[in-house]
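Undergrad: The following block contains a protein sequence and its predicted model.
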Amino acid sequence: MIKKILFIIGFLLTMTKLYAQTELVGAGASFPYPLYSKMFDEYYKIYNVKINYQSIGSGGGIRQLKAKTVDFGASDAILTDEQLKEFDGEILHIPICLGAVVITYNLDVKQQIQFTPDLIADIFLGKITKWNDERIKKVNLKLTLPDLPITVVRRADGSGTTFVFTDYLCKVSSEWKERVGKGTSVNWPVGIAGKGNEGVTGLVKQTKGAIGYVEFTYALQNKLPYGVIKNKSGYFINPTIESISEAGNIKLPEDMRVSITDTESKNGYPISAFTYILVYSNLSKTNDKMTYEKAKILAELLWWMTHEGQKYAKPLHYAPLSKEAQKNVEKLLKKLNFDGKILLTK
Amino acid sequence: MKILKDRLFKFMVIFLALLTLFPLFSIIFMIFKNGISVINLEFFTSLPKPPGETGGGVLNAIIGTLLLIFFASLIAIPFGLLTGIFLYEYRDKKIGEILTTFVDITQGIPSIVIGIISYLWIVKKMGHFSLISGSFALSLIFLPIIAKSTKETLKMIPSYIIEASLALGISYSRTILKVVLPSSIGGILSGILLGISRISGETAPLLFTAFGNPFLNLNILKPVSSLPHLIFIYTLSPYDNWRKHAWGCALILIIIVSFISFLNKLFLKKWKIKF
Amino acid sequence: MSGTKLYKNIVNIGGVLIVGLLLAIFITLFLNSYPSIREYKFNFFTSKIWDPVFEKFGALPFIIGTLLTSFISLVISIPFSLSVSLFVSEYYENAFFSRIFETLIDLLAGIPSVIYGLWGFFYVTPIVRNIQIKFLLPPTGVSILTASLVLSIMIIPYASSIAKEVIKLVPNDLKEAGYSLGASQYEVIRKVIFPYAKSGIFAGILLSLGRALGETMAVTMVIGNSIQLPKNIFQPGNTIASIIANEFTEAVGELHLSSLIELGLILFLITLIINLIANLIIKKYTFFEI
């Protein structure tokens, strides 16, 4: 009896060894999860590399990368200089595409609701509590808004989507900047919370009069309505792939750590952002299991995602990288090394 | 008046007692109704598809759950038995009482705390998420259950059997190992089945240990998916396809749990020992 | 004889194991909470601000959330637990369908928590939402109340399984004495059974409470996950268990993580004390162990 058990254990342990197929583990943003999921599915079909990506929120991606439990992190939040110091090595922000945060709501209205920046801030501050508030009506003269309470829905988990949204709110509302601030997790004045973009969408869908912020793709996939927002130049911009790309049409820094919310760009959608994959520039610092071969595969994956993989962005309503952005990305990727040995020599 | 109160009270008791069954039937009905339409061969044999696409299955979660239970049993059963025998040996002594209380306390630890502990002890030390860390977490929940039921079963063995064995010249340790334990196998197995039924549905401790995996994984050092984990993620997602799959997973899980419960009742009947 | 000595030594490992395990769990929790214990000291329990951006962590909203959901669910479940136990141990003690009934109640206890969450999310949330609409409250559906309702169903079997055993133990001659004095069944229950079994029943209730305090998955899925102090039960909230489940993998700052672990420590200690008291009562006043 005991012999049988030992045999089975031995067998399973050898299976462990046999299963040394390359598998990369990543975690983070739920923002780009539909796109990454599609990309990794395709990459597996072509290159037989398994990528296990768990959408636990940007905060989680940053945390697990710092704790060295994953091979790469994904985040919409840009790390500050202080945060970067906490890592055991230089971290590169590799933008993969652009996405947008849209304001979605559950109301029976015939047209899209128009929002001004101060309206959004005050709703999420809890200062405007009914849909038929005068200030909302003023900007939406063509709509009949019901006498419904506004239920704010936000994120329960540490989220880059939250980061992008609060980053925008800090720029357009000094009260928000003082009271709440920006981050992957903030002290929300009001609202119920859902886990991930998925959770927020789920709650908004189920609650009449709800308002929430989600990534553009989620709103589209679930046929949720979203609002038109007045940008810095004074135009009411509808989120589209074009207007999102437009938002990124500004001077880009080399390390690509740039916030494009409340963009200067004339026709840019005001709550747009790059979404990043975070990696150690010296990949050997990632964790104990990283080898030269694995690092090369990871580097090649990132090159593929920012080049051939870009074709999956538009059908899923993500804005692909512009030519200038791609040039900057190539420079960053060429910095990837394994203890000094450059990984991409194309 | 007195008779009225009596009748009224009886009626209320019966009413409330039967009402308690309502959620049970509601849950089972909803699971069957929503889960049956999802269950097909593809569901059992293929892997999940990216969000928004139709089809796909939960093979990785089914295998994951089975592997998690298997390795948790490997850890928990030997140690659980050991602790259970200890509790039995010292059952009349103060130390036995105290340690029994300790085991009860361990059984009462919230599973999310078990998850924290497993993360700090295993995941952090190993440097990554893994099946084995998930199994470790589950074994911490499993162990007290085995220990308690082992102790209770052993207690049931009449002392004359032990005395007869000793009178025949068999050493005490041999008596326990070769006479008492084998006759207790029914109750011990019952405790094991009870534990398996309990841990197959645990989610919280797996959140920070097994982590999840969209692919099939047999490697104990790599992250793995599981049925309860998928139910959690899929329920809160906005994708209809995923939500349907959540019900399917729930159906499979309920069937597993009921089946084990049924096996358990069979064992109890066979050995006629009631707990 | 060395065989038995070896046996004894190995068996003793079993004892050391469990003691070591509990101690190690406590020490680990304590050591990892130390940064936030040192930082916030007693304010941790009284501050209602949970702010990862400005690194101010106070546990009050979650302590309140935990207490509210646990006590409300307990209050709701007690009548049901008692009814179930009276049903199978008193009114229909010998009926065949009582055994079936007991099996069904056991099934209730065997349903995994995450499935309760699934059912609660799709079935109970809309019901609460309709109530909120009638009261002109924000129709969130998810709320403290929703979590309490789902919890109450989950914990019924715990109190009922203990209660039904102690009620069975009430000596028949005491009951007969009551009947012979002309008491109705209701009066016998009230004046003979309950007083006799009350400590056992109380212990069972404590066990239900212990379960409610630590329950994570079902609560996380229907409580609304708000970090603000709830002003009424129709508002969303969080319990200690649910906030840990939500934020643990993502806590970026060390103080954030440490605060979450401190919450885990608090939960560990609360459930430990409740289970300990329940155990002691059962040992002292009844003649069996659970």
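TA: Yep, that arrived.
Undergrad: the longest strand in chain A is where?
TA: strand A:91-105 (DSSP state E).
Undergrad: List the buried residues of that one.
TA: If you call a residue buried by 16 or more other CB atoms under 10 Å in any protein chain shown, then strand A:91-105 has these buried ones: A:91-105. Any C-beta I mention is one placed from the backbone N, CA and C, and that applies to glycine too.
Undergrad: contacts with chain C among the residues you listed, please.
TA: Applying CB under 8 Å from any CB of the partner chain, the subset of the buried residues of strand A:91-105 adjacent to chain C is empty.
Undergrad: In terms of helix, strand or coil, where does A:Tyr53 fall?
TA: Following DSSP: H, G, I helix; E, B strand; the rest coil, we place A:Tyr53 in the strand state.
Undergrad: In space, what's closest to it - neighbours in sequence excluded?
TA: Among residues not flanking A:Tyr53 along the chain, A:Gly26 sits closest, at 4.6 Å (CB to CB, 6 or more residues apart in numbering or on different chains).
Undergrad: Please confirm that the one you found is located within a strand.
TA: Yes: assessed by three-state DSSP, A:Gly26 belongs to a strand.
Undergrad: on that earlier part again, so for the next helix-or-strand element following the longest strand of chain A, mean pLDDT?
TA: Next along the chain after strand A:91-105, taking DSSP states H and E as the criterion, comes strand A:114-115. Mean pLDDT, computed over strand A:114-115, is 94.
Undergrad: ok, which residues in the stretch 51-200 of chain B are in contact with chain A?
TA: Residues of the stretch 51-200 of chain B lying close to chain A by CB under 8 Å from any CB are B:51-52, B:74, B:123-124, B:127-129.
Undergrad: what about 7 Å?
TA: With the criterion set to CB under 7 Å from any CB of the partner chain, the stretch 51-200 of chain B comes near chain A through B:51-52, B:123, B:127-129.
Undergrad: ok, of those, which come out buried?
TA: Neighbour counting with 16+ other CB under 10 Å marks B:51-52, B:123, B:128-129 as buried within these.
Undergrad: need the contact list for A:Gly309.
TA: Going by CB atoms under 7 Å, 6 or more residues apart in numbering or on different chains, A:Gly309 touches A:Met39.
Undergrad: roughly how far apart are it and chain B?
TA: In this structure, A:Gly309 and chain B are 14 Å apart, going by CB to the nearest CB, to the nearest Å.
Undergrad: Tell me the secondary structure of that residue, please.
TA: Secondary structure for A:Gly309, judged by three-state DSSP, is helix.
Undergrad: Out of the buried residues of strand A:91-105, flag the one nearest to chain B.
TA: Nearest to chain B among those is A:Thr104, at 10.7 Å by CB to the nearest CB.
Undergrad: secondary structure element for the residue nearest to A:Arg155 when sequence neighbours are not counted?
TA: Leaving aside its sequence neighbours, A:Arg155 sits nearest to A:Thr162 (CB to CB, 6+ apart; 4.8 Å). Here A:Thr162, judged by DSSP H and E, is contained in helix A:160-172.
Undergrad: now what about that helix, what contacts it?
TA: Residues from elsewhere that reach helix A:160-172 (CB under 7 Å, 6+ apart): A:29, A:31, A:58, A:75-77, A:101, A:117-118, A:121, A:124, A:154-155, A:176-177, A:180-186, A:197, A:213-215, A:259, A:261-262, A:270-271, A:273, A:275.
Undergrad: where does chain A have low pLDDT?
TA: Residue ranges of chain A with pLDDT under 70: A:7, A:10-21, A:346.
Undergrad: Tell me which stretches of the stretch 101-250 of chain A form strands.
TA: A:114-115, A:151-155, A:192-194, A:210-215, A:228-230, A:236-237 (DSSP state E, counting those that start in this stretch).
Undergrad: Dump those strands to a markdown table, plus mean neighbour count.
TA: Putting those into a markdown table (neighbours: other CB atoms under 10 Å in any protein chain shown) gives the following:
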| stretch | mean neighbour count |
| --- | --- |
| strand A:114-115 | 21 |
| strand A:151-155 | 27 |
| strand A:192-194 | 27 |
| strand A:210-215 | 29 |
| strand A:228-230 | 22 |
| strand A:236-237 | 20 |
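Undergrad: Now do the contacts for the residue of the stretch 1-150 of chain B found nearest chain A.
TA: Taking CB to the nearest CB, chain A has its nearest neighbour within the stretch 1-150 of chain B at B:Pro50, 3.8 Å off. By CB under 7 Å, 6+ apart, the contact list for B:Pro50 reads A:34, A:37-38, A:41.
Undergrad: Going by distance to B:Thr45, which of these wins?
TA: Nearest to B:Thr45, judged by CB to CB, of those is A:Asp41 at 17.4 Å.
Undergrad: Just give the nearest non-adjacent residue to the closest one, would you?
TA: Excluding the flanking residues, the one nearest A:Asp41 by CB to CB, 6+ apart is B:Pro50, at 5.4 Å.
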